[in-house]
Structure formats: C-alpha cells, structure tokens
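1. Curious how this folds, go ahead:
(one chain, ligands or ions: 1)
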Amino acid sequence: MQLMEIIKARHSIRKYTEEQIAREELEKILEAGTFAPNAGGGQRSMMVAVYNKELTTRLGTMNMAKFDRSHLAGSYVSKEQPSTIDDPTIKNGFYGAPTVVAIFGQTNFMFRVADAFCCAENMILQATELGVASCIISRGEETFASPEGRALLREWGVPENYSCVCFVILGKIDGAQPHTKPRREGRVKIVE
Ligand SMILES: Cc1cc2nc3c(=O)[nH]c(=O)nc-3n(C[C@H](O)[C@H](O)[C@H](O)COP(=O)(O)O)c2cc1C
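-> From the prediction side, this is the model:
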C-alpha cells in the first residue's frame, strides 16, 4: 500500500477477535514507534508491550476504573465501532484487544505527551500496513494510579521518573472495516 492509502485505511477499531497478532508483527510495530520524531532528538519515550490477553484485559479494566462520563452527555464517537463514551456497558477500556502497548514519557519533560503520540501514530500506521487493527487509548496515568498499577510498573522495570501517557491497542478486527467519516470542511488553508 502507498502511504496515503495506509493513512486513509486506518480506523480506530474497538471490536476484536480472540486471535493474537504475530510476534513479528508486534516487533515491527514497536520498531516503527522507535523511529517517531521526538523533541530535541532525545528519544525519551519508552514502550512496554503487553502481549498477553489475560493481562491486557486486567489493564483494560484498570483503564476504566476512574472514567468520568459526566461531561460527555450527547456526544458520540462512532456508531460502527462504539467507544466507552458511546456504550456505558463496555467495562474494558482496551475492548478485548489481545496486545496493548503502553507508552511512557519522562514525567517532567514538557514534550512527553507530544513525543508519546508521535510514537503512537507511527505504530498505528505500521499496524495498518500489516493488516493489524489498532486504536489509541488515553488515561495513561490514571490506569497505573492504583497500588496494583504501581506494582506492575515496578515489575516491568519502568523508571521512577517515567509515567504512562497513552496506549496503542492491537489485534484482529472482528467484523467489517468501518466506513470513513467525511472530513470536516474548512480545516485546511494554503497561504502563498
Ligand atoms: C489523543 C487521542 C486519545 C484517544 N483516546 C481514546 C480512548 O481513550 N478510547 C477510544 O476508544 N478511542 C480513543 N481515541 C481514538 C479516537 O476516538 C479516534 O481517533 C477518533 O474517533 C477518529 O476515528 P478514527 O481513528 O477511526 O479515524 C483517541 C485518539 C486520540 C488521538
């Protein structure tokens, strides 16, 4: 696929089969993350890939533990791939995806969030090229805020001065690819 085809073929997928992705696919997706642009050329972001469905399910529940939907009334994200905003019965913030990459940034670094999402974008585009379904998920810090979360970070060897910014969830799509929403008009200008 050409790059623009990959960009247009990528969708946030929230319905996954039980099938795990191949280890080689995961490694290639992680490699794409390491080649993301990064502020100051410091390559500070870290990625921890959880390649274990039982653990991604546990983490997905932790991701939703403090989810506040009070300010979300009336909005919807996707009818074809409903999100936790759209469907309050979804209790796993990772939607049953069998692989989850947690992306960490240096807590006091001002570009930690930008760096992390650059990694995430590289990874989901590489995933799309491989036919792996993906979605970016937020609430990184909240997911690990509990004693259980902090224990996992210690177990994984995440340095004390790092905190989670976001996640990329990965798996095989269950059902059909969603349609592309029309692009909102008036978002682009070329000034000469
Ligand atoms: C910063 C950011 C945070 C996001 N957080 C979530 C999330 O927590 N849960 C979720 O289901 N989707 C999340 N998404 C995915 C968006 O909902 C999705 O990109 C958007 O609806 C557009 O759909 P598309 O990705 O299929 O084009 C996030 C995307 C971005 C860029």
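
2. What residues does the chain have near the ligand?
-> 11-12, 14, 77-78, 83-84, 135-138 (CB under 6 Å from any ligand atom). From N, CA and C alone the C-beta is placed, and that goes for glycine too.

3. Restrict the longest strand along the chain to CA atoms and write it as CSV.
-> Taking DSSP state E as the criterion, the chain has its longest strand at strand 162-171. The C-alpha coordinates for strand 162-171 follow below in CSV (Å, rounded to 0.1, in the frame of the first residue of the first chain):
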residue,chain,number,x,y,z
TYR,A,162,8.5,7.9,33.9
SER,A,163,4.7,7.9,33.7
CYS,A,164,2.3,6.4,31.1
VAL,A,165,0.8,8.9,28.6
CYS,A,166,-1.3,6.6,26.4
PHE,A,167,-1.7,3.2,24.8
VAL,A,168,-1.9,1.6,21.4
ILE,A,169,-4.2,-1.5,21.4
LEU,A,170,-3.6,-4.1,18.7
GLY,A,171,-5.4,-7.2,17.4
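
4. ok so, going back, as a markdown table, the residues of the chain next to the ligand with distance to residue 63, pLDDT and neighbour count would be great.
-> A markdown table is the format used below for the residues of the chain next to the ligand (distance: CB to CB, whole Å; pLDDT from 0 to 100; neighbours: other CB atoms under 10 Å):
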| residue | distance to residue 63 | pLDDT | neighbour count |
| --- | --- | --- | --- |
| 11 | 20 | 98 | 20 |
| 12 | 15 | 98 | 17 |
| 14 | 13 | 98 | 28 |
| 77 | 16 | 93 | 14 |
| 78 | 18 | 94 | 16 |
| 83 | 12 | 95 | 17 |
| 84 | 9 | 94 | 23 |
| 135 | 12 | 98 | 23 |
| 136 | 12 | 98 | 16 |
| 137 | 7 | 98 | 26 |
| 138 | 9 | 96 | 13 |
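
5. for those, which one is nearest residue 167?
-> Set against residue 167, the nearest of these by CB to CB is residue 137 (4.3 Å).

6. Can you name the residues that contact the closest one?
-> Residues near residue 137 by CB atoms under 8 Å, 6 or more residues apart in numbering: 63, 93-94, 100, 166-169.

7. and what of residue 130?
-> Residue 130 neighbours (CB under 8 Å, 6+ apart): 25, 28-29.

8. what do you get if the cut-off is 7 Å, keeping everything else the same?
-> 25, 28 (CB atoms under 7 Å, 6 or more residues apart in numbering).

9. Likewise for residue 77?
-> So residue 77 contacts 83, 85-86 (CB under 7 Å, 6+ apart).

10. With adjacent residues omitted, what lies nearest to it?
-> Excluding its sequence neighbours, the residue lying closest to residue 77 (CB to CB, 6 or more residues apart in numbering) is residue 83, at 4.1 Å.

11. what about the one you found, which SS state?
-> coil (DSSP: H, G, I helix; E, B strand; the rest coil).

12. is it true that it touches residue 13?
-> No - judged on CB atoms under 7 Å, residue 83 makes no contact with residue 13 at a distance of 10.9 Å.
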